[in-house]
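Novice: Need a 3D model of the following:
(one chain, ligands or ions: 1)
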Amino acid sequence: MQTSPSGAPSEERLEHKENLNVLTSTQAIIREALEKLGYSEAMYELFKEPLRMITVRIPVRMDDGSVRVFTGYRAQHNDAVGPTKGGIRFHPDVTEDEVKALSIWMSLKAGIVDLPYGGAKGGIVVNPAELSFRELERLSRGYVRAISQIVGPNKDIPAPDVATNSQIMAWMLDEYSRIREHDSPGFITGKPLVLGGSQVRETATARGVTIVLREAARKVGIPVEGARVVIQGFGNAGSYLAKFMHDAGAKVIGISDVYGGLYDENGLDIDSLLEKRDSFGMVTRLFKNTITNQELLELDTDILIPAAVENQITAHNAPNIKAKILVEAANGPTTWEATQILTERGVLIVPDVLASAGGVTVSYFEWVQNNQGYYWTEEEVMQKLEQTLVKAFHNVVRMAETRGVNMRLAAYMVGVRKMAEAVRYRGWV
Ligand code: GLU
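Specialist: Alright, predicted model coming up:
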C-alpha cells in the first residue's frame, strides 16, 4: 500500500476514485449499450473514438498588433448515417478528450431524435471574454480556414455550443462562402434569421428541455405548475429555460453562473435577472447573498436542471441531491456512478443525449430549409420539434422499461442502434 510521508496510508489510495474522464466513461457506457444490443467487439472498436479528429493552430492578429496562436479541434465521430453534425465551443478548458466525447454524444443525440446525421464537435481553447469583438471575428474566421477541407453542407455541419452564438456562425458562414466562392447557407446552423437561420433555433435547446421535462413530470406525477425548479447555468440553455419554466407557472427557486448561485424559496424574479444578465450569462456578481454551485445542486427542489458544464453531479454529491427529476440540459453533467446512485434512489433522469437534443433537432430543420430554400413559420418548427422530442422521450422510456436498464443506458442503446445498423449495411463491420 502507498503511504504518505507520515507513514499513514495515503488518502488517495483509501478514497474511492471515480472516473471523471468524459471520454473513457462514455466509452464504457457505449460498450455496455452495444453489448446489450448484441453487437460485436469490432463495432465498439469503431465507435469508441471519432473516425477523424484534427487539431489546428490558429494565428490571430490581436488589436494591439501582436499575434496570439490558439489551439482548435474538430472531431467527426461517425458518418455512416449521413454527414456529421455538432457545435463549436469556445472555452479555456477545452481538451481533445472532451471534444471527442462531445462528438460521440452528438452521434447519440442524432440517433435518439432520428436525424440523418452522425455526430461531430469542435472547440477552441480560449476565454472569449478576454477577446474584443474584432479579435473574436478573426479567431472564428481563422478556425474555419483551418478546418475548411473537412467540413461542408454534405460533410460536416457546425453549429453553436458553449459561448458561441449566431454572430459567430455568421462570420464562419461568410468565411466559408468566400473560400468556396459560392453561397452555402447549409454549411452551418444557428445562423441569424436574415442569413438563413431558422425560427426557434435560438431557444431550441431550452424548448426541447421544456418538452421532455413536461413528459417526465407527467410520468412522475408532479405538475409543472407550482413545481420547484433549480437551474445550474444561465447561458443560452439556462436563461431561456428559466423563462420558460417561469412562464409555465413553475417556481424557479435557484439559478447560478460560474461565480455562484441565487436562491429564494418563494421563487426568483426571473424577468429582472434576465434583464441584468450580461452577454456571457453572468448575473450573480450583482448580488451579495449568493450560495455556491454545490449548495445549489443540493437544494430541496422537485426538478433539477444542470445547464452548464460536465461532471457536476458525481458519486460524491449524488447522495445529497434532493430533486425527484433530473433533466440534463448540459452535456455530461452527471457521471455514470452518480447515475446509478440516483437511479437506485428513484430519481427520474432525463439524460443529456435526450434532454438537450432540441438544439440539433432545430439545426436539422434549419439545414433542411436551407437545402430547399423555403422557410417555415415558428408554429411549424415548434410543432415538428414537439413531435420529435415527445417520440424520442417515449422511445427511451420504453427501452429502459423493457430492458430493465437506467434511462442513460437506455438512451445510449436507442442512440447507437441506428448508427450500428448503418455501419452494418455499409459493410464496415
Ligand atoms: N451544440 C448543440 C449540442 O450540443 C447543438 C449542435 C447542433 O445544433 O448541431 O447539441
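
Novice: any idea of the mean pLDDT for stretch 173-187?
Specialist: For stretch 173-187, mean pLDDT rounds to 97.

Novice: How far away from the center of its chain is that stretch?
Specialist: A distance of 26 Å separates the centroid of the chain from that of stretch 173-187, by Cα atoms, centre = their mean, to the nearest Å.

Novice: can you check stretch 36-48 too?
Specialist: Here the centre of stretch 36-48 is set off from its chain's centre by 24 Å, with Cα atoms, centre = their mean.

Novice: May I have the distance across that stretch, first residue to last?
Specialist: End-to-end distance for stretch 36-48: 16 Å, by Cα to Cα, to the nearest Å.

Novice: And the contacts of that stretch?
Specialist: Stretch 36-48 is contacted by residues 27, 30-31, 34, 77-78, 104, 107, 403, 405, 409, 413, 416-417, 419-420, 423, 428-429 when judged by Cβ atoms under 8 Å, 6 or more residues apart in numbering. No exception for glycine: its C-beta is placed from N, CA and C like everyone else's.

Novice: one more time with 10 Å
Specialist: Residues external to stretch 36-48 that are found in contact with it (Cβ atoms under 10 Å, 6 or more residues apart in numbering): 23-24, 26-28, 30-35, 77-78, 80, 100, 104, 107-108, 399, 403, 405, 409-410, 412-414, 416-417, 419-421, 423-424, 428-429.

Novice: Make a ChimeraX selection of the buried ones in the residues you listed.
Specialist: Of the contacts of stretch 36-48, the buried ones go into a single ChimeraX selection, burial set by 16 or more other Cβ atoms under 10 Å:
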select :23,26,27,30,31,32,33,34,77,78,80,100,104,107,108,399,405,409,410,412,413,414,416,417,419,420,423,429
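
Novice: Of the contacts of stretch 36-48, which belong to helices?
Specialist: Using DSSP state H, the members of the contacts of stretch 36-48 that fall within helices are 23-24, 26-28, 30-35, 100, 104, 107-108, 399, 403, 409-410, 412-414, 416-417, 419-421, 423-424.

Novice: Alongside the ligand, which residues does the stretch 1-150 of the chain contribute?
Specialist: Within the stretch 1-150 of the chain, the positions near the ligand by Cβ under 6 Å from any ligand atom are Lys85, Gly86, Gly87, Lys109.

Novice: Now for those, which sits with the most neighbours around it?
Specialist: Counting neighbours by other Cβ atoms under 10 Å, Gly86 comes out on top of these with 32 neighbours.

Novice: where does that one fall, phi/psi-wise?
Specialist: phi 170, psi 160 (degrees, to the nearest 10).

Novice: so what's the closest residue to the ligand within the stretch 251-400 of the chain up against?
Specialist: Closest contact between the stretch 251-400 of the chain and the ligand, by Cβ to the nearest ligand atom, is at Ser363 (3.2 Å). Contacts for Ser363 were tallied using Cβ under 10 Å, 6+ apart; they are 85-87, 115, 117, 157-160, 188-191, 197-198, 201, 204.

Novice: can we see that at 7 Å?
Specialist: Listed by Cβ atoms under 7 Å, 6 or more residues apart in numbering, the contact set of Ser363 reads Lys85, Ala159, Thr189, Gly190, Arg201.

Novice: next one: Val220
Specialist: If you count contacts by Cβ under 7 Å, 6+ apart, then Val220 has Lys324, Ile325, Leu348 around it.

Novice: and Gly38, how many neighbours?
Specialist: 8.

Novice: meant to ask about Met382
Specialist: The burial count for Met382: 18, using other Cβ under 10 Å.

Novice: do the one 3 residues further on as well
Specialist: Applying other Cβ under 10 Å, we find 21 residues neighbouring Leu385.

Novice: Glu215 reaches Lys391, doesn't it?
Specialist: No - between Glu215 and Lys391 there is no contact under Cβ atoms under 7 Å: 10.3 Å.

Novice: what about the helices in the stretch 251-400 of the chain?
Specialist: Ranges of helices within the stretch 251-400 of the chain are 270-276, 293-297, 336-344, 352-355, 358-372, 378-403, based on DSSP state H, counting those that start in this stretch.
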